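> next input, structure requested:
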Amino acid sequence: QGQLAESGGGLVEAGGSLRLSCVISTHVGIFRASTMGWYRQAPGKPRELVAAVIHNGDRKYADFVKGRFTISRDNGRRTVYLQMNSLEPEDTAVYYCNSPIPHTGSYQFTWGQGTQVTVSS
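Below is the predicted model of the structure:
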């Protein structure tokens, strides 16, 4: 089972941008075939899906980030990215990546430490 390493978070003013990266230490073939998602968890709230990119490149986004965030993947680097623009204080959370297993509610990898994103007003 692979390990996840998220990075790129930080403190930014409202309206600013950040680019998150998540490197997965797994076989490139497993990564290439996996749907990858970015999730976030704010204090006192459940973890929620932010964006996902399927193995064929199709993407989906939560309504609250449409038009502001872009998810992408580099299969050769086994890395998934989240470009976040027009950040809002409500985006403050710890951001995680993982690969959801369809129809199970489970995930392919053990959760990493995440990366903290803090947006000041």
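
> where in the protein is pLDDT low?
1 (pLDDT under 70).

> end-to-end on stretch 77-95?
20 Å (Cα to Cα, to the nearest Å).

> then stretch 96-114?
5 Å.

> quickly list what the residue nearest the centre of the chain is bridged to.
Nearest to the geometric centre of the chain sits W38, at 2.1 Å (Cα atoms, centre = their mean). Counting by DSSP bridges, W38 forms beta bridges with A51, C97.

> and it, what does it touch?
W38 makes contact with L20, C22, L49, V50, A51, A52, I71, V80, L82, Y95, Y96, C97 under the criterion Cβ atoms under 8 Å, 6 or more residues apart in numbering. Heads up, the C-betas are built off the backbone N, CA and C, glycines and all.

> now the second one: which helix or strand?
Going back to what we said before, that points to C22. C22 is located in strand 18-24, with elements delineated by DSSP states H and E.

> next SSE after that strand?
Downstream of strand 18-24, the first helix or strand assigned by DSSP H and E is helix 28-33.

> list the buried residues in stretch 63-74.
Neighbour-count burial for stretch 63-74, counted by 16 or more other Cβ atoms under 10 Å, picks out V65, F69, T70, I71, R73.

> spatially nearest residue to the first one (excluding sequence neighbours)?
Spatial nearest neighbour of V65, excluding adjacent residues (Cβ to Cβ, 6 or more residues apart in numbering): V50 at 5.8 Å.

> quick check: that neighbour touching G37?
Yes: using Cβ atoms under 8 Å, V50 is in contact with G37, at 7.5 Å.

> what about R19, distance to V80?
11 Å (Cβ to Cβ, to the nearest Å).

> much appreciated, bye for now.
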